[in-house]
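*Asks:* Let's see this in three dimensions:
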Amino acid sequence: MTARRPCPPAPGPLEDYAARFDDLFFSPAPRRGCREYLTGLLAPRERNKTITCLAGAEPVAGAGTPGVQRLQFFLSESPWEAEQANDRRLELLREEPATAPHAGGVIVIDDSGDRRDGTATAHVGRQWLGRLGKTGSGIVTVSTVWTDGRVYSPLHATPYTPAHHFARGRADPAFRTKPQPAAALAPAGRSPAPQQQAQQQPRRPRARGKEAGFGCRAVVADCAYSVSDDWYLALREAGLAYVVALKPHRGTWARADQPHTPIEAAHALAWKNAKHPGDWTAVERHFRDGHTETWRAADARLGGYGPDSPCRLVVATTDPATLPEKATWYLATNLPHPDAPPAVTSPHPPADLAEIVRLYGLRPWIEQSYKQIKDELGWADFQVRSDRAIRRHQILVNCAFPFCWDQWFAPPGPLDASAPDPCPEEGPERGPSHTPPAPTALPAKGLTGHPLLAHPRHHPHPMMASLDGHRPTLRAPGPDRRGQHRTRH
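*Replies:* Next comes the predicted model:
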């Protein structure tokens, strides 16, 4: 076999990591582009990480320089498959003991919206942007993230395309509602057997997560996905459990003398006080900053939901008497009650109230911390218009993600013997950890004997100076402009 022609190496341990992707590129140019792009994403954030910033060029004036044009071509036109790069990243995660998945984790469905003006860019539309808390023009991306409460890894991401991008709008056969892309991404359990793959219906959405080999205890999502039949169907066909929030006032069919909404079902539960809890059970929640809170949880009955039914309605709150809006969860799950008949017939192991609350409690932590790291890596800073270039940028951001872990999990000593078990019964759920809530300096140097990933239980050593020293000197420092209008270069 002919040896590959060399390209300029990436700085420090990033070269060992980038070399794992070399066989996915057919010439030195895209291999060099991959190294330069990852180096720019991981460098300190001095301004928005546009292509001119990643290439170390002046804004606007440097847009025509060879380095900028090289990265632009790599992102938009170069012949390489982004999904193959993402599959390679997941393969490397499975090989590393610190990040290897196991059946005790959960898959969190996360959708984030980023502000984006104009009409020529793919996927842009006026829609709800969760991070802004309002409707606006932007791009919404649906992502899946695997976590066990100790580490987390983004799996797949797909932008949501609003109806006006299709010729027939919502009636177009290619249009998908927002939960439908999540239904294709969410199944992330065991890899299907060859005969199962052959029997898959060609028109059903491909369960991409099943091919990733990331097992999980359940799929966790917020109330936006609780109204989608396609979402439930995809999970049921994949044989996966779920814990999904319900809207408190969403009605369901029931007899006139019975509750019709989750909040009515919660009010129907007996409660007097802490010494006489009635139907409620005390649940201790353990947060990442070390503090604990006592919540109350109970199985409620609503329509077909019930503790002895295949689907349960679990209500968790800080105050059963008042059910405060911002501290009450209404959770639907197909994890059976330990003492109910479905525990014998269900394909899923039973789960008590404490486990249901713990599993869903991982979602707010992922939603907040994943968003912070994506911002630092320049998730929303791209200045390309095509669908292919946007997807490539998002996958490259996820490829840079492994270098961020060491800043999150640095213990006081060289090895933290008290790190939680990968399948904790009462492990930390969410909230700020003892380390900063989001890394300001991302990668670490010389972290393990293995050249690939930073071990999350060892001390980090600064690598940012090493990376920064290898960057071009044309960069013009400027203020952080994440909250300002972005100028197209």
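*Asks:* ok, the most centrally placed residue in the chain - contacts?
*Replies:* Centroid-nearest residue in the chain: Val145, 3.2 Å away (criterion: C-alpha atoms, centre = their mean). Contact analysis of Val145 by C-beta atoms under 8 Å, 6 or more residues apart in numbering lists Ile107, Val108, Asp110, Tyr152, Ser153, Pro154, Leu155, Ile366, Tyr370. Where you see a C-beta, it was placed from the backbone N, CA and C, and this is true even at glycine.
*Asks:* Tell me the spacing between the second one and Ala221.
*Replies:* Taken as C-beta to C-beta, to the nearest Å, the spacing of Val108 relative to Ala221 amounts to 7 Å.
*Asks:* can you list the weak-confidence ranges in the stretch 151-300 of the chain?
*Replies:* Applying pLDDT under 70 to the stretch 151-300 of the chain flags residues 186-212.
*Asks:* So which residues of it form strands?
*Replies:* Using DSSP state E, counting those that start in this stretch, the strands of the stretch 151-300 of the chain run over 152-159, 218-221, 242-245, 281-286, 292-300.
*Asks:* nearest to His165, of those?
*Replies:* With C-beta to C-beta as the measure, strand 152-159 is the member of the strands of the stretch 151-300 of the chain nearest His165 (10.5 Å).
*Asks:* Partner strands of that closest one, with direction?
*Replies:* Here strand 152-159 has these sheet partners by DSSP bridges: strand 134-147 (antiparallel).
*Asks:* Can you point out the buried residues in the partner strand?
*Replies:* Within strand 134-147, the residues that count as buried by 16 or more other C-beta atoms under 10 Å are Gly136, Ser137, Gly138, Ile139, Val140, Thr141, Val142, Ser143, Thr144, Val145, Trp146, Thr147.
*Asks:* With pLDDT and distance to Cys7 as new columns, can these be given to me in TSV?
*Replies:* What follows is the buried residues of strand 134-147, written out as TSV (pLDDT from 0 to 100; distance: C-beta to C-beta, whole Å):
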residue	pLDDT	distance to Cys7
Gly136	88	41
Ser137	90	39
Gly138	90	36
Ile139	92	32
Val140	91	36
Thr141	92	30
Val142	91	34
Ser143	92	30
Thr144	92	32
Val145	93	32
Trp146	93	32
Thr147	91	35
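*Asks:* Spell out, range by range, the helices that occur in the stretch 201-350 of the chain.
*Replies:* For the stretch 201-350 of the chain, the helices defined by DSSP state H, counting those that start in this stretch cover 208-212, 229-238, 262-267, 342-345.
*Asks:* could these go into a markdown table alongside distance to Lys326 and mean neighbour count?
*Replies:* Shown next, in a markdown table, are those (distance: least, C-beta to C-beta, whole Å; neighbours: other C-beta atoms under 10 Å):
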| stretch | distance to Lys326 | mean neighbour count |
| --- | --- | --- |
| helix 208-212 | 31 | 22 |
| helix 229-238 | 25 | 18 |
| helix 262-267 | 14 | 22 |
| helix 342-345 | 32 | 12 |
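*Asks:* Show me what Ala282 is bridged to.
*Replies:* Here Ala282 sits in beta bridges with Arg296, going by DSSP bridges.
*Asks:* just the one 4 residues further on next, same as before
*Replies:* When bridges are called by DSSP bridges, His286 pairs up with Thr292.
*Asks:* Burial check on it, number of neighbours?
*Replies:* For His286, the neighbour count with other C-beta atoms under 10 Å is 20.
*Asks:* Can you pick out the residue with more neighbours from Val108 and Ala221?
*Replies:* For the pair Val108 and Ala221, the greater number of neighbours falls to Val108 (29 against 26), based on other C-beta under 10 Å.
*Asks:* Secondary structure of the more buried one: a strand, I assume?
*Replies:* Yes: the assignment for Val108 (DSSP: H, G, I helix; E, B strand; the rest coil) places it in a strand.
*Asks:* contacts for stretch 120-133?
*Replies:* Stretch 120-133 is contacted from outside by 111-118, 134-140, 159-162, 164-165, 371, 384-387, 390, using C-beta under 8 Å, 6+ apart.
*Asks:* re earlier: got the buried residues of strand 134-147 as CSV, with distance to Val243 columns?
*Replies:* Shown next, in CSV, are those (distance: C-beta to C-beta, whole Å):
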residue, distance to Val243
Gly136, 30
Ser137, 33
Gly138, 28
Ile139, 28
Val140, 23
Thr141, 22
Val142, 18
Ser143, 18
Thr144, 15
Val145, 15
Trp146, 15
Thr147, 13
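*Asks:* List just the nearest of the residues you listed to Pro179.
*Replies:* Closest to Pro179 out of these is Val142 (8.5 Å), distances taken as C-beta to C-beta.
*Asks:* Could you give the bridge partners of that closest one?
*Replies:* Note on Val142: beta-bridge partners Asp111, Thr158, judged by DSSP bridges.
*Asks:* for the one 5 residues further on, same thing?
*Replies:* Using DSSP bridges, the bridge partners assigned to Thr147 are Val106, Tyr152.
*Asks:* about what we covered before: could I get the contacts of Val145 as JSON lines with distance to Phe401?
*Replies:* Shown next, in JSON lines, are the contacts of Val145 (distance: C-beta to C-beta, whole Å):
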{"residue": "Ile107", "distance to Phe401": "16"}
{"residue": "Val108", "distance to Phe401": "15"}
{"residue": "Asp110", "distance to Phe401": "13"}
{"residue": "Tyr152", "distance to Phe401": "10"}
{"residue": "Ser153", "distance to Phe401": "7"}
{"residue": "Pro154", "distance to Phe401": "6"}
{"residue": "Leu155", "distance to Phe401": "11"}
{"residue": "Ile366", "distance to Phe401": "13"}
{"residue": "Tyr370", "distance to Phe401": "9"}
